[in-house]
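Visitor: Below are the sequence and a predicted model; questions follow.
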Amino acid sequence: MLRWVFTDTVTSETWTVPLNPNAMSSPYLTQQTNPGVRSPIDGMMRVLRRPRTATEWTFAGVVRTQAHHDSLIYWAAKTNKLTITDHYGRVVTARIRSIEMEDRKPTPNVPWRLRYTVSALSYGVT
């Protein structure tokens, strides 16, 4: 299985995520169109397309180590656009907007138990 890889587009710094997220929304941009409009000049029906804009994208997973936690916080604080390569090999250009951490009851075998949700803007998938 491919691991997620974060790459800073400005510094070329990379980070391979130790545990892939286990939930995510679609990173693809949505195409918005206006309903057909008749032209007053020639009476032809025309469909107007709006330019594609950034799409709200979320992904979530679990954290099992302090190093994973610290790296997530570090990458979430970056203001540069990132490229995130997911487990399908798709490359998503995104900017992380926020990260939420939910502490969960630790166990003797897993002292670090956190659930995270990242909210980002997706600028497209290649």
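Guide: Happy to help now that I have it.

Visitor: Averaged over its residues, which helix or strand of this structure has the lowest pLDDT?
Guide: Between all helices and strands in the chain, the lowest mean by mean pLDDT, DSSP states H and E belongs to strand 37-38, at a mean of 59.

Visitor: now Ser119: how far from Pro108?
Guide: 33 Å (Cβ to Cβ, to the nearest Å). For glycine as for every other residue, the C-beta is placed from the backbone atoms N, C-alpha and C.

Visitor: nope, Asn22 is what I meant
Guide: Counting by Cβ to Cβ - Asn22 and Pro108 are separated by 23 Å.

Visitor: Next: Thr85.
Guide: Taken as Cβ to Cβ, the span from Thr85 to Pro108 is 35 Å.

Visitor: Which one of these two is surrounded by more residues?
Guide: Taking neighbours as other Cβ atoms under 10 Å, Thr85 and Pro108 compare with Thr85 leading, 19 against 5.

Visitor: Would you confirm that the more buried one contacts Trp15?
Guide: No. The pair Thr85 and Trp15 does not pass the contact test of Cβ atoms under 8 Å, sitting 11.0 Å apart.

Visitor: Now for those two: what residues contact both?
Guide: The contact sets of Thr85 and Trp15 overlap at Val5 (Cβ atoms under 8 Å, 6 or more residues apart in numbering).

Visitor: residues touching Thr58, list them.
Guide: Going by Cβ under 8 Å, 6+ apart, Thr58 touches Met24, Ser25, Thr117, Val118, Ser119, Ala120.
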